[in-house]
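[1] Have a look at this prediction, sequence included:
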Amino acid sequence: MAEAVIINDVGPRDGLQNQPRILAVAQRLALIRSLRDAGMQHIQVAAFVSPKAVPAMAGAAEIMAGLPADDAAYSVLVPNMKGYELALAAGARQVEMVVYGSDGMAQANVRMNRFEADAVAAAILDRAAADGLAVTITMSVAFECPFEGRVTPDRAMQSAARFLGAGAQEFIVADTIGAATPDRVRALAEALLAEHAAGQLGCHFHDTRALGLANVYAALDAGIRRFDASIGGLGGCPFAPGASGNVATEDVVMLLEQMGHATGINLAALMRASRLAATLTGNAPGGRARAWLDRQYPQPAETPHEI
Ligand code: COA
Ligand code: ZN
């Protein structure tokens with residue numbers, strides 16, 4: 001059996017933040033429960049961001065209060081210290097802070113330059129060490145920025161060294177607009193793995209140019225063992241023009257399981273979660289393997305068909 005791989009489903013956050021249809025807290029919790037039912041151990045459940053900036057993420061504290069009382073790793077995104085304080089107060093144990101490969105993306109997302117965002121991340125790491133919270137640092141637009149073009153790999157290398165050195169639990173490189181290619185992914189993954197343990201690294205891909213799964217494979221082959229993915233291929237950043245959904249969780253699980261990597265995830269149950277995502281949003285593309293997966297795991301006849 002090949003090594004186990006961790007999948008972190010970011011659908012309830014990255015997947016829902018840009019949806020035209022804003023889901024109620026109960027619907028978002030139902031999606032989270034369906035992911036748990038499929039065996040998903042890592043789920044990003046909410047974002048403590050300004051509800052004016054991202055209306056779909058309002059109610060993060062209610063999401064925290066409604067989570068199943070189990071041992072899954074539920075993380076939340078925080079854009080700034082205020083978000084951190086709110087997440088802490090709501091009982092979060094694991095927070096994700098975003099840093100940036102470019103100033104343009106930092107400005108569009110959080111109205112800071114990238115150095116200001118780095119300083120906030122450093123301050124959050126200090127606070128979290130005292131509060132006993134785990135921090136994931138994700139570098140947005142690690143490969144390409146919609147405003148400034150190509151981002152060189154030294155940005156991710158420097159950021160990983162700085163923040164893992166400062167106590168971050170993990171460092172994730174994110175291809176926020178889905179512009180990375182497998183050769184560049186492999187080169188960056190190899191460079192990061194030469195300096196950091198695989199357990200401290202992860203990748204986050206969007207499927208804008210149909211290269212999400214190829215990029216997962218390139219990173220996997222280099223030795224990365226942790227991936228963000230989004231149920232039903234939902235996703236996209238409201239502040240990154242042209243970004244489409246994340247690589248679909250069901251595609252990533254299918255790829256990994258077929259290659260002999262244990263994910264702990266039940267694909268039949270995951271397809272139920274994918275159908276729920278489609279029903280709730282009316283807008284889930286599903287994975288590239290959707291037709292094949294639907295044939296392997298047909299929908300029970302009594303369930304009304306979605307969309
Ligand atoms: N959670 C909730 N509210 C927040 C907040 C947070 N983390 N950070 C700031 N706010 C509120 C402030 O209290 C203030 O509210 P008010 O207008 O009622 O007084 C308002 O937002 C503006 O605060 P300010 O500090 O001036 O921030 P800003 O206007 O520069 O906005 C962010 C910056 C970070 C708040 C906002 O851009 C944001 O939340 N972005 C999130 C982006 C995101 O989620 N992107 C996708 C995921 S990567
Ligand atoms: Zn994303």
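    Right, received. Where do you want to start? Everything quoted here is computed from the prediction, not taken from an experiment. Ligands and ions are numbered 1, 2, ... in the order given.
[2] what does the stretch 51-200 of the chain put close to ligand 1?
    Ala53, Val54, Leu77, Pro79, Asn80, Lys82, Gly83, Leu86, Val98, Asn109, Val110, Arg111 (CB under 6 Å from any ligand atom). Yep, even glycine has a C-beta here, placed from its N, CA and C like the rest.
[3] Give me the contacts around stretch 56-72.
    With contact meaning CB atoms under 8 Å, 6 or more residues apart in numbering, stretch 56-72 is reached by 12-13, 16-19, 22-23, 25-26, 28-29, 32-33, 36, 40-43, 45-49, 51, 74, 76, 86-87, 89-92.
[4] Please check those and keep the buried ones.
    12-13, 16-19, 23, 25, 28-29, 32-33, 36, 40-43, 45-49, 74, 76, 86-87, 90, 92 (16 or more other CB atoms under 10 Å).
[5] dump the residue contacts of the closest residue to ligand 1 within the stretch 151-300 of the chain.
    Per CB to the nearest ligand atom, Cys237 is where the stretch 151-300 of the chain lies closest to ligand 1, at 5.2 Å. With CB under 8 Å, 6+ apart as the criterion, the residues that contact Cys237 are Asp14, Gln17, Asn18, Asn109, Ser140, Thr176, Ile177, Ala243.
[6] In CSV, list these along with pLDDT and secondary structure.
    Output for the contacts of Cys237, formatted as CSV (pLDDT from 0 to 100; DSSP: H, G, I helix; E, B strand; the rest coil):
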residue, pLDDT, secondary structure
Asp14, 95, helix
Gln17, 95, coil
Asn18, 90, coil
Asn109, 95, helix
Ser140, 98, strand
Thr176, 96, coil
Ile177, 95, coil
Ala243, 81, coil
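[7] which of those residues lies closest to Gln200?
    Ranked by distance to Gln200 (CB to CB), these are led by Ser140 at 18.3 Å.
[8] isn't the closest one right up against Met97?
    No. Using CB atoms under 8 Å, Ser140 is not in contact with Met97, being 10.6 Å away.
[9] Would you map the strands across this structure?
    Here the chain has its strands, by DSSP state E, at 6-9, 42-47, 73-78, 94-100, 134-140, 144-145, 149-150, 170-175, 201-205, 226-229.
[10] Could you tell me which ranges of the protein sit under the pLDDT cut-off?
    Filtered on pLDDT under 70, the chain yields the residue ranges 1, 301-307.
[11] same thing but 90
    Within the chain, the segments meeting pLDDT under 90 span 1-2, 235-244, 283-285, 299-307.
[12] the inter-axis angle of the longest helix along it versus strand 94-100?
    Taking DSSP state H as the criterion, the chain has its longest helix at helix 114-131. Angle of helix 114-131 versus strand 94-100, following axes from the mean of the first three to the mean of the last three CA atoms, to 10 degrees, is 160 degrees.
[13] in helix 114-131, what's buried?
    Across helix 114-131, burial judged by 16+ other CB under 10 Å covers Arg114, Glu116, Ala117, Asp118, Val120, Ala121, Ala122, Ile124, Leu125, Arg127, Ala128.
[14] same deal with stretch 210-224?
    Using 16+ other CB under 10 Å as the test for burial, stretch 210-224 gives Leu211, Gly212, Leu213, Ala214, Asn215, Val216, Tyr217, Ala218, Ala219, Leu220, Ala222, Ile224.
[15] Does the last one touch Ala189 like I think?
    Yes. Using CB under 8 Å as the test, Ile224 is close enough to Ala189 to be in contact (5.2 Å).
[16] so what's in contact with these two at the same time?
    Counting by CB under 8 Å, 6+ apart, the residues touching both Ile224 and Ala189 are Leu201, Cys203.
[17] so how far is ligand 1 from the nearest residue in space to Gln41 that is not next to it in sequence?
    With CB to CB, 6 or more residues apart in numbering as the criterion, Gln41 has its nearest non-adjacent residue at 5.3 Å, and that residue is Ala72. Distance, Ala72 to ligand 1, by CB to the nearest ligand atom, to the nearest Å: 21 Å.
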